[in-house]
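In: Next comes the sequence, and after it the predicted model I'd like to discuss.
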Amino acid sequence: MAKDFDHQTNWNERYWQLKQYKAEHGDCDVPKASSAHDGLSTWVRMQRALKKTGKLSRDQCHRLERLGFRWEVRKQKNKKWGERLEDLVEFIAEHGHSIVPACYRKNLQLG
């Protein structure tokens, strides 16, 4: 019983971290190579693996989906890259250069 409680508490903590990550970055796609979010990145990959094997609870699946969690990310990488490229082209057209500030408010994913 205590083990289940600890597991659920840990899951909720990581879910909260993912929610914060999304607020900051606009998506739930925590990069694998991100040292700043290393534990969260591992947790995100684990959720995908657990769902694939049917070991993630229905409630957890729904909570992640409501957050905008994508189960398949490889198929989306090229699309996402293309979207950022379009954003950069728009930025260049507007500003005349490609040096996007790190905290560019108009598009945080571009900065």
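Out: Received the coordinates, thanks.

In: Name the residue closest to the centre of the chain, please.
Out: C28 (1.8 Å; C-alpha atoms, centre = their mean).

In: and that residue, which of the three is it?
Out: Assigned with DSSP: H, G, I helix; E, B strand; the rest coil, C28 falls in the coil class.

In: ok now do it, which residues does it touch?
Out: 18, 21-22, 44, 64, 67-70 (C-beta atoms under 8 Å, 6 or more residues apart in numbering). (C-beta placed from N, C-alpha, C; glycine too.)

In: List buried residues within the residues you listed.
Out: 18, 21-22, 44, 64, 69 (16 or more other C-beta atoms under 10 Å).

In: what's the most distant pair in the residues you listed?
Out: Largest separation among the buried ones among the contacts of C28 by C-beta to C-beta: Y21 and L64, giving 12.5 Å.

In: so where does R48 fall, helix or strand?
Out: Assigned by DSSP states H and E, R48 belongs to helix 38-52.

In: Could you check how far that helix is from the centre of its chain?
Out: 11 Å (C-alpha atoms, centre = their mean, to the nearest Å).

In: quick one, phi/psi of F69?
Out: Dihedral angles of F69 (phi, psi; degrees, to the nearest 10) stand at phi -70, psi 130.

In: need the longest helix for this protein.
Out: Scanning the chain for the longest helix, with DSSP state H as the assignment, gives helix 2-25.

In: OK, contacts around N107?
Out: By C-beta under 8 Å, 6+ apart, the neighbours of N107 are 87, 91.
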